[in-house]
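K.L.:
The sequence and its predicted three-dimensional model are supplied below.
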Amino acid sequence: MPTHPDMTTDIPTHMPTQMPTDVPTDMPNPVTTELPAASAVDRKPAADPDITDPNDPVQDRVALLEAIQHQVAVFARRAEQTRLGGIGQARNSMDRAAYLLLNRLDQEGPMGVKALAAGMGIDSSTVTRQVAPLVDSGLVKRTSHPEDGRAVVLALSPRGATRLADVRTSRRELMAQATEDWSEDEREEFCDLLTRFNAALLRVNPSAATSGPVSS
């Protein structure tokens, strides 16, 4: 039977059944193509913990407290080095504990050990220990209580009064030289603040009053 010219019977049986594998691999992938890097203007810098904000009140307070504690440490070191002992012949002629004891007796008059300890903010055993060499050296004397002859009180001796006056004069001169370029208002303000600071330290650390000798 004749076939139609458009029909064919010789269909090849060796046609490939898989897609070609030699597809170029350098073709751009629209999904994974990287976006252009952000410009320096678009990028937000990371926070630097070392950079302080000059307008931060918390940081200002921390810096101020740090400066105060540093200056107190420097003051304590220099006070110990010079012992604030004054100038001239009376320089360092009396330790701080003795000066404070004699000064208290001069201001308050004769008193017993307990009253002296309470007035100075230290315990009685400390006063007893500190006053012993002052009695031995003749700067302090033991005498009878003016109202109760059976009680013994401590009093500043004439020799102690003279010695105390010399030391006071020497220490005043030292303060005058240290603050010679200060105005009287500045001296008064410094004295007020230092007095307030000493009271504040005793308030926050009451045990310091009885932990040992009191410094001047």
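P.N.:
Okay, I see it.
K.L.:
how close does Leu194 get to Thr179?
P.N.:
To Thr179, Leu194 is 12 Å away according to C-beta to C-beta, to the nearest Å. Backbone N, C-alpha and C define where each C-beta goes, glycine included.
K.L.:
When the two are compared, which one has more neighbours?
P.N.:
Remark: of Leu194 and Thr179, Thr179 carries more neighbours, 14 against 11, as counted by other C-beta atoms under 10 Å.
K.L.:
secondary structure element for the residue lying closest to the more buried one once chain neighbours are set aside?
P.N.:
In this structure, Thr179 finds its nearest non-sequential neighbour in Arg187, 5.6 Å apart by C-beta to C-beta, 6 or more residues apart in numbering. Element membership of Arg187, judged by DSSP states H and E, is helix 184-204.
K.L.:
Restricting to C-alpha, output that helix in CSV.
P.N.:
Provided in CSV are the C-alpha atoms of helix 184-204 (Å, rounded to 0.1, in the frame of the first residue of the first chain):
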residue,chain,number,x,y,z
GLU,A,184,39.9,84.6,103.0
ASP,A,185,36.6,83.5,101.4
GLU,A,186,38.4,80.5,99.8
ARG,A,187,40.0,79.6,103.1
GLU,A,188,36.7,79.8,104.9
GLU,A,189,35.0,77.7,102.3
PHE,A,190,37.7,75.1,102.3
CYS,A,191,37.5,74.8,106.1
ASP,A,192,33.7,74.5,106.0
LEU,A,193,33.9,71.8,103.3
LEU,A,194,36.7,69.9,105.0
THR,A,195,34.8,69.9,108.3
ARG,A,196,31.7,68.7,106.6
PHE,A,197,33.7,66.0,104.7
ASN,A,198,35.3,64.7,108.0
ALA,A,199,31.8,64.5,109.6
ALA,A,200,30.4,62.6,106.5
LEU,A,201,33.2,60.1,106.7
LEU,A,202,32.5,59.4,110.3
ARG,A,203,28.8,59.0,109.5
VAL,A,204,29.3,56.5,106.7
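K.L.:
State the mean pLDDT of that helix.
P.N.:
Regarding helix 184-204, the rounded mean pLDDT is 94.
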